[in-house]
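> sequence? don't have it. structure:
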C-alpha cells in the first residue's frame with residue numbers, strides 16, 4: 001500500500017514538473033503568435049498599418065517602367081521557372097500585378113514569358129486585372145503573355161531570344177531561378193536594359209547582385225510583394241513576423257550574456273538556466 005502511494009506521489013510530481021516545462025516552452029511561442037495575429041486583427045477592424053515614404057523597390061519599379069516608356073521599348077517580366085505551387089512564384093505574381101498597373105498607366109508594352117502553363121494562365125489574369133484597375137482594359141494584349149517550354153535551358157534560350165529581338169528597356173527577374181540566373185541578366189545587360197531581380201535561392205543571389213541594378217535578397221522578395229500589394233493581411237503578417245524576430249533576437253542576446261556572466265554572478269546564472277529550459281524540448 002505504501003509503495004503504491006509513493007508511486008502516485010512521484011507520478012504527480014513528475015506531471016507537475018512536465019506541466020511547468022510545457023508552460024515555460026509555450027510562453028515565447030504564444031507571445032510570437034500573439035504578435036503575429038494581433039496586427040491582422042487590427043487590419044480587419046480597419047486600422048490599416050501606416051506605410052512610410054515610398055519604398056526603394058517601389059521607386060525602382062516606377063523608374064524602370066518610366067524609362068521604358070520614354071525609350072518607347074517594352075518591359076519584360078520573368079517570373080522564374082517554377083509552377084504556382086512555389087511560394088516565390090506566388091510572390092512574383094503579386095509583384096507582377098503592381099508592374100502591370102504601372103505599365104498600363106504609362107502605356108508601355110508588358111511581355112511575360114513563362115515556363116509553366118498554369119503560371120501563364122495566372123499571369124494573364126493578373127495582368128488583365130491590373131489593366132482594368134487603371135481603366136485601360138483595351139490596352140491589354142493576351143498574346144504578350146506566352147508559354148515557352150518546361151525545359152529549363154530551353155526556356156532560358158527562348159527568353160534570351162525575346163531579349164535580343166525586342167530589346168526591352170526594363171527587365172524584371174522575380175521568382176525561383178537556378179542555373180539560368182546568370183544567363184538571363186547577362187543577355188539583358190548586353191541590350192542596355194535596367195534590371196530588377198529577386199529570389200530566395202541563396203546560391204543564385206550572387207549572380208543577380210553582380211549583373212542587375214536592383215536585387216531583392218531572400219525574404220525581401222516576400223516583403224516586397226506584401227508591400228506592393230497593400231493587402232492588409234499580408235502587411236499584418238509581415239509586421240508580426242518582424243516583431244517575433246525582434247523578440248527572439250533579444251532572447252538570444254539576453255541568453256548569451258547571462259550564460260557568459262553567470263559563472264561570476266549567480267542571479268544571471270539562474271536567468272540563463274531559465275532561458276535554457278524555455279528553448280529545450282524534451
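Nice, thanks for sending it over. These numbers come from a predicted model, not from an experiment.

> how about the helices of the stretch 151-282 of the chain, start to end?
Assigned by DSSP state H, counting those that start in this stretch, the helices in the stretch 151-282 of the chain fall at 152-166, 180-190, 205-211, 220-229, 232-261, 266-279.

> Any chance of JSON lines for the ones you listed, columns distance to residue 72, mean neighbour count and mean pLDDT?
For glycine as for every other residue, the C-beta is placed from the backbone atoms N, C-alpha and C. Below are the helices of the stretch 151-282 of the chain laid out as JSON lines (distance: least, CB to CB, whole Å; neighbours: other CB atoms under 10 Å; pLDDT from 0 to 100):
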{"stretch": "helix 152-166", "distance to residue 72": "12", "mean neighbour count": "17", "mean pLDDT": "95"}
{"stretch": "helix 180-190", "distance to residue 72": "18", "mean neighbour count": "20", "mean pLDDT": "93"}
{"stretch": "helix 205-211", "distance to residue 72": "25", "mean neighbour count": "17", "mean pLDDT": "93"}
{"stretch": "helix 220-229", "distance to residue 72": "26", "mean neighbour count": "21", "mean pLDDT": "82"}
{"stretch": "helix 232-261", "distance to residue 72": "35", "mean neighbour count": "15", "mean pLDDT": "80"}
{"stretch": "helix 266-279", "distance to residue 72": "58", "mean neighbour count": "14", "mean pLDDT": "75"}
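
> would you turn the ones you listed into TSV with distance to residue 77?
Converted to TSV, the helices of the stretch 151-282 of the chain look like this (distance: least, CB to CB, whole Å):
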stretch	distance to residue 77
helix 152-166	11
helix 180-190	12
helix 205-211	15
helix 220-229	13
helix 232-261	20
helix 266-279	43
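
> between those helices, which one is nearest to residue 85?
Taking CB to CB, helix 220-229 is the member of the helices of the stretch 151-282 of the chain nearest to residue 85, at 15.8 Å.

> tell me what that closest one is packed against?
helix 56-71, helix 87-106, strand 194-199, helix 232-261 (3 or more CB pairs under 8 Å, 6 or more residues apart in numbering; DSSP states H and E).

> tell me the angle it makes with helix 87-106.
If you take axes from the mean of the first three to the mean of the last three CA atoms, to 10 degrees, helix 220-229 sits at 40 degrees to helix 87-106.

> For helix 220-229, what is the distance to the chain centroid?
6 Å (CA atoms, centre = their mean, to the nearest Å).

> again with stretch 226-237
Distance, centroid of stretch 226-237 to centroid of chain: 11 Å (CA atoms, centre = their mean).

> How far does that stretch stretch from one end to the other?
9 Å (CA to CA, to the nearest Å).

> same deal with stretch 147-155?
Stretch 147-155 end-to-end distance (CA to CA) = 9 Å.
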